[in-house]
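Undergrad: Starting from these lines, generate the structure:
(one chain, ligands or ions: 2)
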Amino acid sequence: MQQKLSNQSVVFLGAHGQGKSTIAGLIVKELNFASPYVLERIDCHPKVQEKPDLKYTFLMDRIRSEQKLQHTQIFSTYHVNTTCKEYFLINVSGQYQYINQTQIGIAYGDIAVFVLSGVKDKYLQSLTLASSLELQLQLCVALGKQNIICAINDMDLVEYQQASYQFVVNDFSQLLVKYEINPYQIQFIPISLKEAENINKKKQNMNWYQGPTLIEALDKIPVYDQELLASKPLRFKKNKIKQIRSVALGKLLYGTLKKNQIVSFAPIPFKSRVKSIEIYHCFQEEGTIGQLIGVHLSELSYKEISNGHICSDVDNDPAQECASFVAKIKIMEDFKHQLKQKQYYTIHFFTKRMQCSILKIQQNLNIKNQNEIIENPQILRAGDIGIIEFKPIKQITLENYIDYPQLGRIAIIENRRMIAFGIILEVKNKEIELKIKQKEPNQ
Ligand SMILES: Nc1nc2c(ncn2[C@@H]2O[C@H](COP(=O)(O)OP(=O)(O)OP(=O)(O)O)[C@@H](O)[C@H]2O)c(=O)[nH]1
Ligand SMILES: [Mg+2]
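TA: Ligands and ions are numbered 1, 2, ... in the order given. Now for the predicted structure:
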């Protein structure tokens, strides 16, 4: 019997137009997962006939408006595998206006591949406030994504010069250090769309580069302990990628999801039965941790469950609606204002982003005066570590960091910059009474 491969999701990040979709498409092509029929159809596209380089970009950017405007708009995925791992490639947009989609991608990704341009001006442009590159890196830090790879693209445009590569490596390393990431543990790979340089195979143009290719670097990233995650109560995050009848699409984060299991989708108060489980167009008896799966439900339709709803087992620690939560957060050193009680802030959770008000600042664990703890302070400033109680303005399901680490992390964003990040210590839930959804009022 064929051995089951472990799976990981790879999200491609970077500013707009740096080549994220192109690199993801090239990986699909290099691993021979692109169907000849699809490639033939793409070849006939007038834009591809004008500029053949777009062929692999269009493998990921499949929607007509994306192809017309030549930028990614919505989250798209592709399923590929190498000899040692299965990958879900996640393609997101680099533009700030689609930050919700980008956040879903970051939350789902086990490995983040930052695509940076080797062309100095294009790279420097990607670091400006208008681009969302730094915010993407901040969200990776806040959501605890530690597996990062940097791909330096466009090497053909700088004549494959090592100096251009080195400039980006040195400059981006400084940004990584700012967020306490050790650049020596990160692989920087020079790549190019032309001849698919250093994607799967090394070509002759960059003999000065001795490191692994992009696919080798992905294969080297260790896999997480799937058994440990599967032993916890069920948590499946629903995401609005596609809307087909009563199929909930999302990622299995913890526990096991089996056919005929009775589940609920917090915060809505209805139970449902899992009719079938679909993984990349194949029906399966149960879902595997980390995979992006489609769950066919009886009684509930996709209209009732929306983005960010959490599916859990009704008999084993069912998820609830959050009334308020206490979080320990660290405020960034470059935050120029103050965090005050009763003010509203936009918080990015694993599931979605939402406005929350500060109910109470409980403590300031002032790191500048190591031993001092200030109880009930009125404000928090740059560099402080605080314990704060927040109240979300709308329905949301949250979990504490100890029980469900992936669901217990937060980032506070203001003016396109992260101003604080931290973990959820305690969640005060509203009790939901679960009931079966009745199709007819009298049934
Ligand atoms: N010459 C050259 N062009 C490249 C390379 N990689 C990507 N491009 C081109 O750069 C353009 C933008 O690429 P995309 O893959 O759409 O960029 P993106 O990062 O996905 O952009 P958004 O989806 O808008 O965030 C396309 O026209 C590609 O053909 C490369 O290595 N060399
Ligand atoms: Mg794109």
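Undergrad: quick one: pLDDT of the spatially closest residue to L137 that is not a sequence neighbour?
TA: Distance criterion Cβ to Cβ, 6 or more residues apart in numbering; nearest residue to L137, sequence neighbours excluded, is Y179 at 6.3 Å. Every residue, glycine included, has its C-beta placed from N, CA and C. Predicted confidence (pLDDT) for Y179: 87.
Undergrad: need the contact list for Y179.
TA: By Cβ atoms under 8 Å, 6 or more residues apart in numbering, the residues touching Y179 are 137-138, 141.
Undergrad: Quick check, M155 in contact with S192.
TA: Yes. Using Cβ atoms under 8 Å, M155 makes contact with S192 at a distance of 4.2 Å.
Undergrad: Neighbour count for the two, which is higher?
TA: More neighbours surround M155 than the other of M155 and S192, with 27 against 24 (other Cβ atoms under 10 Å).
Undergrad: What pLDDT is listed against the residue in the stretch 151-300 of the chain that ligand 1 sits nearest to?
TA: Going by Cβ to the nearest ligand atom, ligand 1 is nearest to L193 of the stretch 151-300 of the chain, at 3.4 Å. Looking at L193, its pLDDT reads 89.
Undergrad: Verify the contact between it and A151 for me.
TA: No. Contact criterion Cβ under 8 Å: L193 and A151 do not qualify, at 11.2 Å.
Undergrad: Any buried residues in stretch 184-198, and which?
TA: For stretch 184-198, burial by neighbour count (16 or more other Cβ atoms under 10 Å) applies to 186-193, 196-198.
Undergrad: Would the longest helix anywhere in the chain count as contacting ligand 1?
TA: The residue-count maximum for a helix in the chain (DSSP state H) belongs to helix 162-178. No. Helix 162-178 does not reach ligand 1 (Cβ under 6 Å from any ligand atom); its nearest approach is 12.4 Å.
Undergrad: May I see the buried residues of that helix?
TA: Neighbour count says helix 162-178 has 164-165, 167-169, 172-173, 176 buried, by 16+ other Cβ under 10 Å.
Undergrad: again with stretch 216-227
TA: Here stretch 216-227 shows 216-218, 221 as buried, counting by 16+ other Cβ under 10 Å.
Undergrad: So which residues on the chain come close to ligand 2?
TA: 20-21, 72 (Cβ under 5 Å from the ion).
Undergrad: So the nearest residue to I42 once chain neighbours are set aside: helix, strand or coil?
TA: Leaving out its chain neighbours, the residue that sits closest to I42 by Cβ to Cβ, 6+ apart is F58, at 4.8 Å. Of the three states, F58 takes helix under DSSP: H, G, I helix; E, B strand; the rest coil.
Undergrad: just checking, F58 touches V28?
TA: No. Contact criterion Cβ under 8 Å: F58 and V28 do not qualify, at 11.2 Å.
Undergrad: still on that earlier bit, and which of the residues of the chain next to ligand 2 is nearest to K122?
TA: K20 (13.4 Å; Cβ to Cβ).
Undergrad: What distance do you get for the closest one to G105?
TA: 10 Å (Cβ to Cβ, to the nearest Å).
Undergrad: Neighbour count: these two, which is higher?
TA: K20 (30 against 27).
Undergrad: measure stretch 203-213 end to end?
TA: Using Cα to Cα, to the nearest Å, the end-to-end distance of stretch 203-213 comes to 10 Å.
Undergrad: hang on, the earlier thing: now for K20 and G105: what residues contact both?
TA: Listed as contacting both K20 and G105 by Cβ under 8 Å, 6+ apart are 13, 91-92.
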